[in-house]
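> Would you be able to build a 3D model of this:
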Amino acid sequence: MFESYSRSKNYVEAERFSENLSGDHGEVGWFRGSSVHNLPNAESCSHSFSAETIRENSFGEDSLPVGEALDCLVSIQARLGKDDGEVLGLLKRVLMIQEKEFGSSSEELIVTLPKIVYFLEKLEMKDEKFKFRRRLALLRERYKQSL
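Down below sits the predicted model:
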């Protein structure tokens with residue numbers, strides 16, 4: 001999951017804006033402060049999907065808050081045993097958001113890449129799996145040397 005989506009330049013203004021919106025938009029603040037993992041599975045999936053949609057409308061489709069909601073949705077859908085291809089698609093979207101916000105060789109990718117490799121292995125997509133596995137190994141080596 002993302003370290004924090006508060007790194008976004010306009011986060012404070014966007015969050016304040018979203019909290020002042022009427023209707024369903026108030027759920028953005030609720031989602032951030034709650035633990036959907038304590039809810040029943042179907043309900044937590046529903047709340048995660050709602051939060052993702054609200055964050056897309058409030059912050060933009062490729063924003064860190066959307067990536068955070070997608071990462072949570074991935075976790076819930078994997079726990080529920082949803083379609084691995086769909087989960088993989090969500091993970092690739094999370095990776096794309098992380099690359100856009102942090103750069104293509106950022107340390108944050110080290111958390112998302114193993115998840116992608118896992119689902120590629122489950123789906124027996126060997127060619128693509130090796131590409132992501134190699135990228136993960138290079139990133140790990142890079143950050144191992146910087147310590």
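
> Figure out the helix or strand that the closest residue to L95 other than its chain neighbours lives in.
Nearest non-adjacent residue to L95, counting by C-beta to C-beta, 6 or more residues apart in numbering: T112, 5.0 Å away. C-beta coordinates here come from the backbone N, C-alpha and C atoms, glycine included. Secondary structure assignment for T112, by DSSP states H and E: helix 109-122.

> quick one: buried residues of that helix?
L109, T112, L113, K115, I116, V117, Y118, F119, L120 (16 or more other C-beta atoms under 10 Å).

> dump the residue contacts of the residue nearest to L95.
T112 sits next to D71, L91, V94, L95, Q98 when contact means C-beta atoms under 8 Å, 6 or more residues apart in numbering.

> ditto for L113
Per C-beta under 8 Å, 6+ apart, neighbours of L113: L95, F132, R135, L136, L139.

> Let's see that with 7 Å instead.
Counting by C-beta atoms under 7 Å, 6 or more residues apart in numbering, L113 touches F132, R135, L136.

> Quick one: which of those residues is the most crowded by neighbours?
F132 (22 neighbours; other C-beta atoms under 10 Å).

> Do I have it right that Q77 meets V87?
Yes: at 5.2 Å, Q77 and V87 qualify as touching, with contact defined as C-beta atoms under 7 Å.
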